[in-house]
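Chemist: Could you work out the structure for the sequence below:
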Amino acid sequence: MRRASTDDGGRSRVIGSDAVIEVNFDGIIGPTHNYAGLSIGNLASANNAGNISAPRLAALQGVAKMRRAMALGLHQGLFLPHIRPNVEWLRTLGFVGADAEVLASAWASDRALVANAMSASAMWTANAGTVSPGSDTADGLCHISVANLSTMPHRASEAEQTERQLRLAFADPRFFRVHPAVPAAFGDEGAANFMRLASPSGHSAVEMFVYGEGNAGGFPSRQRRAASEAVARRHGLDPACTLMVRQSDAAIAAGAFHNDVVAVANGHVLFAHEHAFADALALRSALRTLLPDALVIEVPADRVSLDTAIRTYLFNSQLVTLPDGGMALILPAEARDHNAVWTWLGELVVSGGPIQQLEVVDVRESMRNGGGPACLRLRVQVGPEALAAIDPRFLVDEAICDRIEAVIAREWPVAIAPDDLGDPQLWERCAAARAALTAALGFAADEI
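Modeler: This is a model prediction of the structure:
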């Protein structure tokens, strides 16, 4: 089994004669972005339920974040908004007729059903699936397992369209293997509950799957251990280098519906809140054994409370390696705006540790629906040949960003109020907006 290796200029690490490149695939925020408050346990989503959303601004903020990542020297990709309204999903619930008739009938029957069918939550591509680089897998392929997202109705319908995009983007069997979602009985929320640590020396790596148990504070645990174990087996991971880590009940009860709300990892660094895990001491002990040079940076609760960490999305930041080898934390503006959080981060940077740079991005409009910078991206690590094998329509440069922004500025709704979800003109406009984007990026109408 091949192993991850040392950083080479921040963007690549060497494994034998191969370089490993990390690409962050961001979800473009769809034209139906609205505040329906569908996500139980997601406090930001619940607190903003019923407000007027700004889909155009949210999407433009997302593209600006991608531009900032590229300016830092990082590789960037994209995933497309899903087809919305999801009329086919409503048909599975017994509604019949033409698309507009199905939507009108559902709206008259139960407005929540239409809200689910209009959800733009596929923008959170950290939930698209779990990715193991070929350096960790038995067959040397990059394995990607689609997440079933079965806990929440508005997300459970995403797996089919997500799988279609993943199979298109990563179609080359010489480098990639895409797995369908595990059975829905075993809740799986993808990379939002997954972390990977790699030794700077290049001799070892550890994949960590974080799961919850039962209900904490009345909120469901979305990641089942059985699902994580199934993904690890599918990917051909070495059990000796794979950890199953339980999320703390306190974190779930406080609104950390995914692990990436209270912890993030990159390279050899684990950045986490003091109360992120049920048994932090056991995790540290396991890491000392498996990855002796791993560094755990723990934010103490007496400096930043769990509630504050979740409200500011401190840990839902992108911890990335820069071209000069140092690490940067790409943070939401909310973290900068909170005095206790920003003070602690300032002390962290001047301490001389691996996190040397703070980059603030404004993704406020999407954060109000419950996800920060890290939720918007799926990390995929590949070699140069595999990178060249990715469908180029899913890769981003400045010219592509220009093209995306032009479509968003022309086609995306400026605002959506709760009652607008039942407006046939909005249904037509959002469908046309997505079609304009896919065409601008070179996708055929029946392809994606």
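Chemist: Going by C-alpha atoms from here, please, whenever you check contacts or count neighbours.
Modeler: Fine.
Chemist: wait, isn't Asn215 in contact with Arg222?
Modeler: No. Using CA atoms under 8 Å, Asn215 is not in contact with Arg222, being 9.3 Å away.
Chemist: more neighbours, these two?
Modeler: Between Asn215 and Arg222, counted using other CA atoms under 10 Å, the more crowded position is Arg222 (25 against 13).
Chemist: check which helix or strand covers the more buried one.
Modeler: Secondary structure from DSSP states H and E places Arg222 outside every helix and strand.
Chemist: Centre-most residue in the protein?
Modeler: When CA atoms, centre = their mean is applied to the chain, the residue found nearest the centroid is Ala126 (1.5 Å).
Chemist: OK, contacts around it?
Modeler: Taking CA atoms under 8 Å, 6 or more residues apart in numbering, we find Ala126 in contact with Gly190, Ala191, Ala192, Ala374, Cys375, Leu376, Arg377, Leu378, Arg379.
Chemist: Glu398: neighbouring residues, count only.
Modeler: For Glu398, the neighbour count with other CA under 10 Å is 12.
Chemist: so how far is Leu60 from the residue nearest to it when sequence neighbours are not counted?
Modeler: Among residues not flanking Glu398 along the chain, Arg67 sits closest, at 7.1 Å (CA to CA, 6 or more residues apart in numbering). Counting by CA to CA, to the nearest Å, the separation of Arg67 from Leu60 is 11 Å.
Chemist: State the mean pLDDT of the strand with the most length in the chain.
Modeler: For the chain, the longest strand by residue count, based on DSSP state E, is strand 18-27. For strand 18-27, the mean per-residue pLDDT is 89.
Chemist: And for that strand, what's in contact with it?
Modeler: If you take CA under 8 Å, 6+ apart as the criterion, strand 18-27 is touched by 11-14, 66, 74-81, 122-125, 376-384, 387, 395.
Chemist: Would you mark the buried spots in it?
Modeler: Buried residues in strand 18-27, counted by 16 or more other CA atoms under 10 Å: Ala19, Val20, Ile21, Glu22, Val23, Asn24, Phe25, Asp26, Gly27.
Chemist: Tell me which stretches of the stretch 1-150 of the chain form helices.
Modeler: Along the stretch 1-150 of the chain, the stretches classed as helices by DSSP state H, counting those that start in this stretch are 43-47, 55-71, 87-91, 99-109, 111-118.
Chemist: quick one: buried residues of the second one?
Modeler: Spelled out, that is helix 55-71. 55-70.
Chemist: one step back: out of the helices of the stretch 1-150 of the chain, flag the one nearest Cys142.
Modeler: Across these, the minimum distance to Cys142, taken as CA to CA, is reached by helix 55-71, at 23.0 Å.
Chemist: how distant is the longest strand of the chain from the center of its chain?
Modeler: With CA atoms, centre = their mean, to the nearest Å as the basis, strand 18-27 stands 14 Å off its chain's centre.
Chemist: isn't Gln356 right up against Met327?
Modeler: Yes. Judged on CA under 8 Å, Gln356 makes contact with Met327 at a distance of 5.8 Å.
Chemist: List phi and psi for the residue in the chain sticking out farthest from the centre.
Modeler: No residue in the chain sits farther from the centre than Gly97, which is 35.1 Å out by CA atoms, centre = their mean. For Gly97, the backbone dihedrals (degrees, to the nearest 10) come out as phi 110, psi -170.
Chemist: and the gap between it and Val87?
Modeler: 10 Å.
Chemist: Ok, Val63 next?
Modeler: The value you get for Val63 to Val87, if CA to CA is used, is 27 Å.
Chemist: Leu314 too?
Modeler: Per CA to CA, Leu314 is found 36 Å from Val87.
Chemist: Neighbour count: the two, which is higher?
Modeler: Taking other CA under 10 Å, Leu314 and Val87 do not tie; Leu314 has more neighbours (32 against 21).
Chemist: So for Gln356 and Met327, which sits in the more crowded spot?
Modeler: Counted by other CA under 10 Å, Gln356 and Met327 do not tie: Met327 has more neighbours, with 21 against 16.
Chemist: picking that back up, could you dump the helices of the stretch 1-150 of the chain to CSV with mean pLDDT and distance to Tyr35?
Modeler: Listed next are those as CSV, based on pLDDT from 0 to 100; distance: least, CA to CA, whole Å:
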stretch, mean pLDDT, distance to Tyr35
helix 43-47, 58, 7
helix 55-71, 98, 10
helix 87-91, 97, 19
helix 99-109, 97, 17
helix 111-118, 94, 9
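Chemist: closest to Val178 out of these?
Modeler: Closest of the helices of the stretch 1-150 of the chain to Val178 is helix 87-91, at 23.3 Å (criterion: CA to CA).
Chemist: Need the contact partners of the closest one.
Modeler: Residues outside helix 87-91 that contact it (CA under 8 Å, 6+ apart): Asp99, Val102, Leu103, Ala106, Leu113, Ala117, Ser157.
Chemist: for the helix or strand that contains Glu163, packing partners?
Modeler: Element membership of Glu163, judged by DSSP H and E, is helix 159-169. Applying 3 or more CA pairs under 8 Å, 6 or more residues apart in numbering; DSSP states H and E, we find helix 159-169 packed against strand 142-146, strand 176-179.
Chemist: In a markdown table: these, plus mean neighbour count, distance to Ala399 and mean pLDDT.
Modeler: Converted to a markdown table, these look like this (neighbours: other CA atoms under 10 Å; distance: least, CA to CA, whole Å; pLDDT from 0 to 100):
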| stretch | mean neighbour count | distance to Ala399 | mean pLDDT |
| --- | --- | --- | --- |
| strand 142-146 | 27 | 28 | 98 |
| strand 176-179 | 21 | 27 | 98 |
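Chemist: between these, which one is nearest to Gly236?
Modeler: strand 142-146 (8.7 Å).
Chemist: Now do the buried residues in the helix or strand just after the closest one.
Modeler: As assigned by DSSP H and E, the chain's next helix or strand after strand 142-146 is helix 153-156. Residues of helix 153-156 classed as buried: His154, Arg155, Ala156 (neighbour count, 16+ other CA under 10 Å).
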